[in-house]
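Enquirer: Need a 3D model of the following:
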Amino acid sequence: MSPAELERRYRDGPLVAYHEAAHAIVAHRLGRRVERVQVGMVRDSGETRIQPTYLPRTQALIALAGERGERRCFSWLDSFADLHRGSPDRRLADEALASLGGVTVAELVAEVDARLRDDRQPLNVLARMLDRSQRVLDGAAVAELLG
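Expert: Okay, the predicted model is just below:
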């Protein structure tokens with residue numbers, strides 16, 4: 001797939017919605033309050049505001065969740081191993097990982113994948129809501145959806 005095709009799929013598809021929904025789900029399941037989840041009007045940007053955490057493992061898991069949420073739903077992304085290299089999420093995960101000593105990215109990715117596997121249906125529902133209708137969800141709506 002060419003870089004132009006990849007950019008088109010990001011722009012025209014629900015990838016950003018899955019990315020932000022995964023951040024919100026993992027944060028919520030780790031006990032962090034989600035304040036707001038948003039997908040930009042042109043579907044090429046998003047933001048998940050979460051109650052701050054100073055626990056490095058929690059920071060790393062939440063940061064990696066966006067990328068893993070995309071990959072859980074779109075297998076064609078697997079051919080892009082370093083798609084998020086240098087992204088703010090990846091930098092945050094790397095910084096948190098550096099302070100954990102002895103924990104690998106692979107271990108954290110496996111934990112995030114397990115959490116998202118358990119929440120496959122809520123991930124799909126939340127991403128569809130963000131992509132198709134609401135674009136912005138407050139934390140109360142996210143908490144109600146996730147129970």
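
Enquirer: Pull up the distance across stretch 125-139, start to finish.
Expert: With Cα to Cα, to the nearest Å as the measure, stretch 125-139 spans 15 Å from end to end.

Enquirer: Stretch 134-144 too?
Expert: 15 Å.

Enquirer: Okay, buried residues for that stretch please.
Expert: 135, 137, 139, 141, 142 (16 or more other Cβ atoms under 10 Å). Using the backbone N, CA and C atoms, a C-beta is placed for each residue, glycine as well.

Enquirer: and the least confident of the residues you listed?
Expert: Lowest pLDDT of these: residue 135, 82.

Enquirer: can you tell me the helix or strand for residue 26?
Expert: helix 15-29 (DSSP states H and E).

Enquirer: so what does the following helix or strand past that helix touch, helix or strand wise?
Expert: Once the chain leaves helix 15-29, the next helix or strand it forms, by DSSP H and E, is strand 34-39. Judged by 3 or more Cβ pairs under 8 Å, 6 or more residues apart in numbering; DSSP states H and E, strand 34-39 is in contact with helix 15-29, strand 46-50, strand 136-138, helix 139-146.
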